[in-house]
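[1] no FASTA, just this:
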Ligand code: PMV
């Protein structure tokens, strides 16, 4: 089979960082300034098809059947260029991608999107499927995407090119409930917001100094299967990350009134003895980590929270998968 006749199909799932990545050590190579740890989610999925063909004059990219252009398309072309360079091919690609959730609203669409794209494009170009190489390639486009190659828990250690799985005890299978609090695309993209935080926030150095210790403590908690240990660390990582951006000049503020209400709901649940812990990313939604047994009570409380419009209840998702046709 010649590379030009192959179509690569890949499915990757979004992940939510428990130990957050915020800030770049090297902007050109897109290397994070802090290590991160995440949970891949079964309910948030991107499916991507890539075919390199001599019949195209330029790369064609669609998302949910709509052609995309501008900077989002440029980021995809940059990944395709890296695949072409490695595979020593010149042809352009047709890329068709589909999310089963809203794009660019802080639901980690860039993570599942670039993980699926890197996986599909590599095999479409005739390169062997190699999760570590696909992870490294996805990281160049979106560092959180490196973690979406792997199911369950994954880590992206400091100074590493690719993410790797983190093995938890089989009995440790927390749920994560996404409380959707607003619609529409996010106000400011994560790369721009991170650079602004790095340049202007007096709290950025404190964030860099504290993150590795939190990350290591979270690895121990996941390996020990201890949700009560992990949960408070997850909240601290999230709040430290947001504190660093709130202290930027001007502030980067992703929170909405409903985000604050949902965080308070989680604290109230905890005061009743329910293990529930929140995290937030570069968007207004609140993600709540809890144990399987407590999913119904946490869902009920979030559904009663002002401004929460929808819940997406997730369990640990699988590795990214790839097929060639
Ligand atoms: O990978 P990016 O550039 O989309 O940045 C992700 C940043 C956070 O979602 C806020 C944290 C993380 O580790 O996923």
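    Perfect, I can see it now. Every value quoted in this text rests on a predicted model; they were computed, and no experiment measured them.
[2] isn't there a helix covering residue 10?
    No: judged by DSSP: H, G, I helix; E, B strand; the rest coil, residue 10 forms no part of a helix; its state is strand.
[3] my guess is it contacts residue 325, does it?
    No: in this structure residue 10 lies outside contact range of residue 325 using CB atoms under 8 Å: 11.8 Å. Bear in mind the C-beta positions are built from the backbone N, C-alpha and C, glycine included.
[4] out of the two, which sits in the more crowded spot?
    Per other CB atoms under 10 Å, whichever of residue 10 and residue 325 has more neighbours is residue 10, with 29 against 12.
[5] Which single strand of this protein contains the most residues?
    Secondary structure of the chain read by DSSP state E shows that its longest strand is strand 36-53.
[6] Now do the very next helix or strand once past it: which elements does it pack against?
    Per DSSP states H and E, the first helix or strand lying C-terminal to strand 36-53 is strand 60-63. Packing contacts for strand 60-63, counted by 3 or more CB pairs under 8 Å, 6 or more residues apart in numbering; DSSP states H and E, involve helix 70-87, strand 92-99.
[7] Now tabulate the ones you listed in JSON lines and tack on distance to residue 124 and mean neighbour count.
    Output for those, formatted as JSON lines (distance: least, CB to CB, whole Å; neighbours: other CB atoms under 10 Å):
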{"stretch": "helix 70-87", "distance to residue 124": "8", "mean neighbour count": "16"}
{"stretch": "strand 92-99", "distance to residue 124": "7", "mean neighbour count": "21"}
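[8] Need the pLDDT of the residue nearest to residue 309 when sequence neighbours are not counted.
    Distances taken as CB to CB, 6 or more residues apart in numbering put residue 180 closest to residue 309, at 5.4 Å, once the chain neighbours are dropped. We have a pLDDT of 93 for residue 180.
[9] Tell me how many other residues crowd residue 180.
    For residue 180, the neighbour count with other CB under 10 Å is 23.
[10] quick one: the closest residue to residue 129 other than its chain neighbours and the ligand, what's the gap?
    What sits nearest to residue 129 in space, not counting adjacent residues and going by CB to CB, 6+ apart, is residue 322, at 4.9 Å. Distance, residue 322 to the ligand, using CB to the nearest ligand atom, to the nearest Å: 21 Å.
[11] same deal with residue 284?
    12 Å.
[12] cool, residue 63 as well?
    Distance of residue 63 to the ligand, given as CB to the nearest ligand atom: 16 Å.
[13] And residue 80, by the same measure?
    19 Å.
[14] how about the residues of the stretch 51-200 of the chain near the ligand?
    Counting by CB under 6 Å from any ligand atom, the residues of the stretch 51-200 of the chain close to the ligand are 110, 142-144, 190-191.
[15] Looking at those residues, state which has the most neighbours.
    The member of those surrounded by the most neighbours (other CB under 10 Å) is residue 144, with 28 neighbours in all.
[16] tell me the contacts of it?
    15, 17, 21, 36, 38, 108, 110-111 (CB atoms under 8 Å, 6 or more residues apart in numbering).
[17] That one falls within a helix, correct?
    Yes: Residue 144: assigned to a helix according to three-state DSSP.
[18] got a pLDDT number for it?
    98.
[19] Also residue 110?
    90.
[20] That one touches residue 145, doesn't it?
    Yes: judged on CB under 8 Å, residue 110 makes contact with residue 145 at a distance of 6.2 Å.
[21] circling back to that earlier point, tell me the two of the contacts of residue 144 that are most distant?
    Maximum pairwise distance in those, criterion CB to CB, is 14.1 Å, between 36 and 110.
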